[in-house]
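Engineer: I would like to see how this sequence folds:
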Amino acid sequence: MYSDFNKRSNSVRRFVSVQRIVGLLLMLFSLTMLPPVVVDLIYAEHNYGAFLGAMWITLFTGTAIWWPARKVRTELKVRDGFLITVLFWTVLSTFGAIPLFFTESGWHSLTDAVFESVSGLTTTGSTVVAHGIDTLPHSINYYRVQLHWLGGMGIIVLAVAVLPMLGVGGMQLYMAETPGPMKNAKLTPRITETARVLWFVYAALTALCGVVYWALGMSPFDALCHAFSTLSSGGFSTHDASIGYYDSVGIEMACIVFMLIGASNFTLHYLAWQRRSLLVHIRDGEFRVYITLFAIFAVFVCVPLVVYGTYSVPQAIRHGVFQLVAFGTDAGFATTDPSVWPSYTPLLCVLASFMFGCSGSTAGGVKMIRLILFVKQALRELQRLVHPSAQLLIKFDGKTVSNDIVYAVGGFFSVYVGLTIVLTFAMVGTGLDTVTAFSAVASSINNAGPGLGEVYANMASVSTTGKWILIFAMLLGRLEIFTLLVVFTPSFWRR
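Structural biologist: Numbers count the residues shown, from 1 in each chain. Down below sits the predicted model:
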């Protein structure tokens with residue numbers, strides 16, 4: 001009896017501790033409403049009231065959640081990290097929609113505002129603004145890309161870096177937030193220091209990207225906004241025509257480079273800087289496959305564009321490579337509409353969005369490391385048919401990969417594909433044709449942005465029900481499927 005009481009008491013304390021941390025994180029998020037206020041004052045567009053109102057609502061709510069639990073300190077378990085992550089992404093997305101809803105510039109319903117907020121934070125980049133992004137207030141355009149930037153590296157990882165009051169919960173939150181199947185690698189002995197290092201690298205590369213864009217002809221404001229979108233693999237732009245607005249080969253080439261950087265493992269970027277050598281990237285097996293597959297896919301995309309007479313050879317390379325990288329890295333920028341390209345090329349671009357992001361990057365999708373392990377497991381099963389008694393190990397970068405990770409990857413693929421199919425049927429049920437429905441789901445669950453056909457440029461034509469389905473898909477993709485689904489299992493809530 002006493003033991004049961006103790007367990008029940010510990011469970012209650014842990015839930016209260018979760019409440020405390022969610023309140024703290026929400027209070028932290030309220031401060032992100034201040035930079036758009038500064039932007040609005042600079043351009044004198046008088047929209048700061050929406051951000052100040054949203055800030056106070058968010059701060060007050062976070063304080064109300066935190067205050068009753070402020071004195072509770074208890075050790076968090078891994079499941080608590082999952083719960084905090086899921087709660088925070090859903091709650092944060094809701095509160096992030098407040099300034100969009102208040103301004104009524106392009107979001108005329110709560111559904112539209114929440115969709116835009118979720119799309120921003122998950123770095124999906126889909127928008128419900130049919131046209132007129134060029135005329136949106138500067139503060140709104142800045143706020144949209146700021147959502148990208150915060151969501152790209154993960155605002156919870158940021159919280160782990162700047163809120164030491166999270167204490168032992170830092171590791172649990174970091175594991176729940178970090179993308180990829182191998183989450184136990186740390187750059188430094190302390191997890192808070194690792195989080196700070198990752199954010200430093202992220203911020204430094206963003207600044208470099210912004211300077212390059214500015215030097216190539218973008219205005220300072222556009223350079224900042226597009227740098228935020230590029231390194232976060234987001235895709236929101238300050239123009240309806242996206243990167244195509246500039247019609248600049250230099251800007252497009254720079255964008256390709258930084259999109260590839262954003263979709264690469266940020267641990268490699270840090271190690272390359274620390275050792276002053278790019279050989280760190282070349283020696284990494286995931287990165288080598290990542291670049292090699294991009295080169296192969298580029299050939300398969302560009303050749304039909306020339307053969308079918310869609311573009312000349314230089315134009316086919318220019319547009320084909322850019323759109324492939326934009327889809328594959330899940331950045332979602334555009335210079336042209338690939339929906340009208342011939343043969344298999346549009347679907348090949350959508351397929352690229354599933355698999356090209358690396359683990360530990362800002363890109364979505366299933367991650368390149370999972371694809372590699374999945375193929376290795378398939379080849380191992382073929383070998384077992386020939387040598388059923390052989391002890392066959394899967395190795396990656398010279399290290400043996402445990403069967404637990406391999407089987408987890410197989411399960412992840414099964415659930416990912418299954419959910420994509422189910423959600424596609426659900427979107428067909430809202431009135432979309434099959435190809436459009438599939439591309440809309442693929443763009444959302446992969447956090448990629450553009451789809452095909454009527455959902456290529458925006459999601460304005462999707463029904464209200466369809467938008468909520470896609471919101472769920474975006475959260476699934478950002479939280480790596482299982483992190484979100486696990487909180488719906490009965491065993492998760494048992495003591």
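Engineer: which residues in the chain form strands?
Structural biologist: Remark: strands assigned in the chain by DSSP state E are 395-396, 399-400.
Engineer: which of those strands sits most buried?
Structural biologist: Greatest average neighbour count among those goes to strand 395-396 (a mean of 13), per mean count of other C-beta atoms under 10 Å. Using the backbone N, CA and C atoms, a C-beta is placed for each residue, glycine as well.
Engineer: quick one: distance of that strand to the chain centre.
Structural biologist: 27 Å (C-alpha atoms, centre = their mean, to the nearest Å).
Engineer: I'd like to know which elements it is packed against.
Structural biologist: helix 368-386 (3 or more C-beta pairs under 8 Å, 6 or more residues apart in numbering; DSSP states H and E).
Engineer: with just CA atoms, put the helix it packs on into PDB.
Structural biologist: The C-alpha trace of helix 368-386 is given here as PDB (Å, rounded to 0.1, in the frame of the first residue of the first chain):
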ATOM      1  CA  MET A 368      19.600   9.700 -45.100                       C
ATOM      2  CA  ILE A 369      21.100   7.600 -42.300                       C
ATOM      3  CA  ARG A 370      17.800   5.700 -42.000                       C
ATOM      4  CA  LEU A 371      17.800   5.100 -45.700                       C
ATOM      5  CA  ILE A 372      21.300   3.700 -45.600                       C
ATOM      6  CA  LEU A 373      20.600   1.400 -42.700                       C
ATOM      7  CA  PHE A 374      17.300   0.300 -44.400                       C
ATOM      8  CA  VAL A 375      19.200  -0.700 -47.600                       C
ATOM      9  CA  LYS A 376      21.900  -2.400 -45.600                       C
ATOM     10  CA  GLN A 377      19.300  -4.400 -43.700                       C
ATOM     11  CA  ALA A 378      17.600  -5.400 -47.000                       C
ATOM     12  CA  LEU A 379      20.900  -6.600 -48.400                       C
ATOM     13  CA  ARG A 380      21.600  -8.500 -45.300                       C
ATOM     14  CA  GLU A 381      18.300 -10.400 -45.600                       C
ATOM     15  CA  LEU A 382      19.200 -11.300 -49.200                       C
ATOM     16  CA  GLN A 383      22.600 -12.600 -48.000                       C
ATOM     17  CA  ARG A 384      20.800 -14.700 -45.300                       C
ATOM     18  CA  LEU A 385      18.800 -16.500 -48.000                       C
ATOM     19  CA  VAL A 386      22.100 -17.700 -49.400                       C
END
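Engineer: any idea of the mean pLDDT in it?
Structural biologist: Mean pLDDT, helix 368-386: 89.
Engineer: so what touches that helix?
Structural biologist: 180-182, 285-286, 289-290, 293, 355-359, 390, 392, 394, 396, 401, 405-406, 409-410, 412-413 (C-beta atoms under 8 Å, 6 or more residues apart in numbering).
Engineer: related to what we said a few turns ago, now for the strands of the chain, which one comes closest to T310?
Structural biologist: strand 395-396 (38.8 Å; C-beta to C-beta).
Engineer: the closest one pairs with which strands, parallel or anti?
Structural biologist: Here strand 395-396 is paired, per DSSP bridges, with strand 399-400 (antiparallel).
Engineer: low-confidence ranges, the stretch 51-200 of the chain, go.
Structural biologist: 75-76, 104-106, 154-192 (pLDDT under 70).
Engineer: swap the cut-off to 80 and go again
Structural biologist: 70-81, 104-106, 108, 153-196 (pLDDT under 80).
Engineer: same thing with the stretch 251-400 of the chain?
Structural biologist: 390.
Engineer: at 50 instead, please
Structural biologist: Within the stretch 251-400 of the chain, the set of residues satisfying pLDDT under 50 is empty.
Engineer: just the C-alphas of stretch 139-150, formatted as PDB.
Structural biologist: Output in PDB follows, covering the C-alpha atoms of stretch 139-150 (Å, rounded to 0.1, in the frame of the first residue of the first chain):
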ATOM      1  CA  SER A 139       7.200  42.700 -39.300                       C
ATOM      2  CA  ILE A 140       4.900  39.900 -40.500                       C
ATOM      3  CA  ASN A 141       7.300  38.600 -43.100                       C
ATOM      4  CA  TYR A 142      10.100  38.800 -40.500                       C
ATOM      5  CA  TYR A 143       8.000  36.900 -37.900                       C
ATOM      6  CA  ARG A 144       7.300  34.100 -40.400                       C
ATOM      7  CA  VAL A 145      10.900  33.400 -41.100                       C
ATOM      8  CA  GLN A 146      11.800  33.800 -37.400                       C
ATOM      9  CA  LEU A 147       9.400  31.000 -36.700                       C
ATOM     10  CA  HIS A 148      11.500  29.000 -39.300                       C
ATOM     11  CA  TRP A 149      14.700  29.800 -37.600                       C
ATOM     12  CA  LEU A 150      13.600  28.900 -34.100                       C
END
